[in-house]
Each structure stands twice: as structure tokens, then as C-alpha cells.
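Asks: Here's a sequence, model it:
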Amino acid sequence: MMQTGMTFNLQRYSTHDGPGIRTVVFLKGCSLACRWCQNPESRRRQPDLLFDSRLCLTGCQLCQQAGLCLVSDAAGQRCLSRCEQDRPALETLRSLCPSGALSVVGETQSLATVLAQVKRDLPFYQRSGGGLTLSGGEPFMQPEFTAALLQAAQAESISTAVESCLHVPWHYIAPALPHLDLLLADLKHLDAEPFLHWTGGRVEQVLDNFRRLKHCAVPLIIRIPLIPGFNADLATLCRLFDFIVEQTSAREVHLLPYHTLGQHKYQLLGEEYRAPGQPLDDEALLSQAQLQARARGLHAVLRGQA
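Replies: Numbers count the residues shown, from 1 in each chain. Below you'll find the model as predicted:
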């Protein structure tokens, strides 16, 4: 199995990505381009270059000397010219910028290196019922590394979980299932057109994977990001609840209200943010959604915002 993977973050002491205290390893690469994505730097399988103009020392010129080009956008903010970003090898830029305005996101790491970091908090997992969670991006976009890391964690008596959008071929998922203690999977919509418009993906691939998972023994929690204009209405949510009850094994659903906390990352990447400009603020909808889910026998939990 693959012994190296492309990671972009490791978060210790997490309490929102599965039970107990957990270490979350973020893997790069995703087959969706959700408009509201909190981690747009996770989408590509390769490293990405972020530029924060607020930190830039304008007289430095080290980035220009390395082959990058700084320009001004329509708002007068200094940014990287997109056509120039692929010129120099990103690996050469990791320690280039003295002010931290430039940062490279994404690093190839060995399984042994990642596992050693995860094992540092083994006593916390044992006391709290926590463990390792793989997130992203989409962990199953690196199927061999994901399966190998989960297997290695279980061999160390570390509980395992994966956060997934399930927009991948089934044969990317299947190798990990014997080494998985919990799957937290997103269910965003049931209809092909809005799903394509808001995420760039094929909804049937996601729904088919949910149906396949119904016949597997892996515990499943379904998460629904509530996005205004996309699925944050009671009729759509009731249809999602019906699908969960009828075609999946899940009996717990997490409702994740939309927020805009990741919006600034798009500017750092030089990309346009195309999701709603305001967070979801609809207590009546959240209350009714929880009632409708519970009426169908689902354990509905209002979690941290999507």
C-alpha cells in the first residue's frame, strides 16, 4: 500500500470530528468544488501557494526574483498573477518569504511520520474514547494512503474515523472499510441539477455510495451542511431525512449551519468566493429541521457550523 500521502494540516485536541479527543489529519485532493468549502486550499492534489498582501514587505522583491509576479486586483489589493504561479517549483518557496506573506500549503509525508504525530496523544484517546480522524479535502481521493494509515492506526489500538463527501468511485472507499470505526459522510442534496451547480459533481455517485454502505458494518453518521439558496429549506431537508431512513444505515444526523469563516482563504488563493455572503441565521428552520428528523426516528444534532 501507498506509504506517502499529501497532507496540508494536522489538528490536535479536536472534539468536533468524531467522539472523544481526536487528531485530525487533513489530506489534499477533492473531486468536488463546493461553493461554500471552508478549505479551498484542499481541492488540488498538489501543493498550493497562498499570498497574504497584509503581510507583504513591498520592497523585498524576493518573490519576483524567484519568478513570481505581483499585480494589483480591481480593489487595489496586491495579489499573485495566476499565470505566474506555476513558474517556480513550489518546494523552493517554502522558506522564501521573510514576512510570511507567501505560504505553501501541502506536503508529501510518509505514513510513519504522520502516525508518529498521531501517537503523541494516545493517552488522550484512551481516556476520552477518541482517536484519529482523516479529513480534507476528500481522504478517499488518496485511497491507498488512507487505507494504510487507518490500518496502521488500528494496529496501535487507535480508533479511526473518516470525514467524506463520498463523491468518489466505490473502489476508492472499499479498501478502507475493514480499518474504519466510524464514517462521517456528507449528504448535501438529492437532485442532480442543483448538486452540479453548487458542487460541480454528480449526485448519483454520492447516493449510490450511501446505498452500498447500508450493507456494510461500519457505523455511519450523516452530516448535512445547511446552505442558503441550495438546501436550507424544510422541504429539501425532509426529503434528505427520508432518504437517510429508507436507504442508509445511519440513525444520527448532524446539521451544520452555513458560515463564511473560510471566505478569506479564497482571496489568499486568488480565487472568487461564490457562496452566500451572510451566514445562515434561521432559528425557526433549525428547530423545525430537528423536529422533522426526530419524527423519523433520527437522532438530530446541531453541530458547529458548516
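
Asks: Which of the residues in stretch 237-249 are classified as buried?
Replies: 237-238, 240-241, 243-244, 248-249 (16 or more other Cβ atoms under 10 Å). C-beta: built from backbone N, CA, C; applies to glycine.

Asks: er, stretch 4-17 I mean
Replies: Quick answer for stretch 4-17 (16+ other Cβ under 10 Å): 4-9, 17.

Asks: before we move on, what about stretch 99-106?
Replies: Under 16+ other Cβ under 10 Å, the buried positions of stretch 99-106 are 101-106.

Asks: Going by secondary structure, residue 201 is in what exactly?
Replies: Per DSSP states H and E, residue 201 falls between elements, in no helix or strand.

Asks: What count of nearby residues applies to it?
Replies: Counted by other Cβ atoms under 10 Å, the residues lying close to residue 201 total 20.

Asks: ok, now residue 176?
Replies: Counted with other Cβ under 10 Å, residue 176 comes out at 24.

Asks: now swap in residue 109 and tell me
Replies: Neighbours of residue 109 (other Cβ under 10 Å): 18.

Asks: ok but it is inside a strand, no?
Replies: Yes. Under DSSP: H, G, I helix; E, B strand; the rest coil, residue 109 falls within a strand.

Asks: shift numbering so it begins at 875
Replies: Sure thing, new numbering starts at 875, so read that last one as residue 983.

Asks: Domains in the chain, by residue range?
Replies: Taking automatic domain parsing as the domain assignment, the ranges for the chain are 878-918+981-1176, 922-979.

Asks: For the ones you listed, which has the smallest mean pLDDT value?
Replies: Here the lowest mean pLDDT among the domains of the chain goes to domain 922-979, at a mean of 73.

Asks: which residues sit in contact with residue 1035?
Replies: 891-892, 896, 1005-1008, 1054-1058 (Cβ atoms under 8 Å, 6 or more residues apart in numbering).

Asks: got those residues as a markdown table, with distance to residue 989 and secondary structure columns?
Replies: Formatted as a markdown table, those follow (distance: Cβ to Cβ, whole Å; DSSP: H, G, I helix; E, B strand; the rest coil):
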| residue | distance to residue 989 | secondary structure |
| --- | --- | --- |
| 891 | 18 | coil |
| 892 | 17 | coil |
| 896 | 15 | strand |
| 1005 | 12 | strand |
| 1006 | 9 | strand |
| 1007 | 14 | strand |
| 1008 | 12 | strand |
| 1054 | 16 | coil |
| 1055 | 16 | coil |
| 1056 | 19 | strand |
| 1057 | 20 | strand |
| 1058 | 21 | strand |
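
Asks: now, among these, which is nearest to residue 937?
Replies: Closest approach to residue 937 among those (Cβ to Cβ): residue 1008, at 33.1 Å.

Asks: Quickly list what the residue nearest to the closest one when sequence neighbours are not counted is bridged to.
Replies: Excluding its sequence neighbours, the residue lying closest to residue 1008 (Cβ to Cβ, 6 or more residues apart in numbering) is residue 1036, at 4.8 Å. When bridges are called by DSSP bridges, residue 1036 pairs up with residue 1008, residue 1057.

Asks: Let me know whether residue 1036 touches residue 1050 as I believe.
Replies: Yes. Here residue 1036 reaches residue 1050: they are 6.7 Å apart, a contact under Cβ atoms under 8 Å.

Asks: Right, I'll call it a day here.
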